[in-house]
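1. return atomic coordinates for the entry below.
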Amino acid sequence: MAFEGLTVYLSRNLVALEQFDELHGTLKSNGADLCLDADPSSNSPKQYHVISSLEHEKFAFLSAQGCNLIGPECIFRCAKEHRSFPRQGYTCCLAMDGVKVLTSGFEKEEKWALTVLRKPIVTISWLEQCFHEHRLVSHELYRIPPCTGLTICVSGILPDERQQIERHVVQYGGTYSGNLTKKCTHLICNISF
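-> A predicted model of the protein is given here:
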């Protein structure tokens, strides 16, 4: 059984009432030793407290006591996959299990991730949405356009092409500048070498 040897503290005060009965059944049927209350002094590696979310009013207290905290969605997924609980800090769900996320504030790493690794570059909103939905959501709505943060100016280009470049720059998240200034990050010009 997936949860054999684990003691799980399940309190009606720490989880949504509509999930309590399902959690109780899932934990029992997977071999967990179940205690129907919270005990902050119970913080050994094989003791877990079920809590609905990071935002719960008791989360900080239980965490400060060194309790292993786990979310309902994580319990359901572990039971479904016949696996034990994760051993890292609070795990609300396993939606991001196996997903590697590179965080960066530097343009160089972003371009490397996009061009070399062929990975999408997304906003923090994508990660937040995955967290709230307890699943991987499509990254399409959260992609950072390739010209984000760029101010582009053109020189020596015919007016029709200039307008087309301006449309593309804006479409892909950049700022178009009609004049070359210190704020311009890129200059596109019609020069042959």
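
2. residue contacts, Cys147?
-> Taking C-beta atoms under 8 Å, 6 or more residues apart in numbering, we find Cys147 in contact with 169, 172-174. (Each C-beta comes from the backbone N, C-alpha and C, glycine too.)

3. most surrounded residue in those residues?
-> Comparing these by number of neighbours (other C-beta atoms under 10 Å), Val169 comes first, having 22 neighbours.

4. got the contact list for that residue?
-> Neighbours of Val169 in contact, by C-beta under 8 Å, 6+ apart: 147, 150, 152, 175-176.

5. before we move on, what SS does Cys74 have?
-> helix (DSSP: H, G, I helix; E, B strand; the rest coil).

6. which residues does it contact?
-> Taking C-beta under 8 Å, 6+ apart as the test, what Cys74 contacts is 85-86, 91-94.

7. which members of those residues are classed as buried?
-> With burial judged by 16 or more other C-beta atoms under 10 Å, the buried subset of those is 85, 91-94.

8. tell me if I'm right that Ser41 and His49 touch.
-> No - contact criterion C-beta atoms under 8 Å: Ser41 and His49 do not qualify, at 11.2 Å.

9. comparing these two, which residue is more hemmed in?
-> His49 (27 against 9).

10. and that one, that's in a strand?
-> Yes - counting by three-state DSSP, His49 is found in a strand.

11. this structure: helices as residue ranges?
-> Ranges of helices within the chain are 17-29, 59-64, 72-80, 107-115, 124-133, 159-171, based on DSSP state H.

12. so which of these is the most packed in?
-> Most buried of the helices of the chain, by mean neighbour count (mean count of other C-beta atoms under 10 Å): helix 72-80, with a mean of 20.

13. could you list the alpha-carbon positions for stretch 128-143 in CSV?
-> What follows is stretch 128-143, C-alpha atoms only, in CSV (Å, rounded to 0.1, in the frame of the first residue of the first chain):
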residue,chain,number,x,y,z
GLU,A,128,0.8,30.8,-10.8
GLN,A,129,-2.0,29.5,-13.0
CYS,A,130,-0.5,25.9,-12.9
PHE,A,131,-0.5,26.3,-9.1
HIS,A,132,-4.1,27.4,-8.9
GLU,A,133,-5.4,24.8,-11.2
HIS,A,134,-3.2,22.0,-9.8
ARG,A,135,-2.2,21.0,-13.3
LEU,A,136,0.0,22.0,-16.2
VAL,A,137,-1.8,24.6,-18.3
SER,A,138,-0.9,25.5,-21.9
HIS,A,139,1.9,28.0,-22.1
GLU,A,140,0.5,29.6,-25.2
LEU,A,141,-1.4,32.4,-23.4
TYR,A,142,1.6,33.1,-21.2
ARG,A,143,4.5,33.3,-23.7
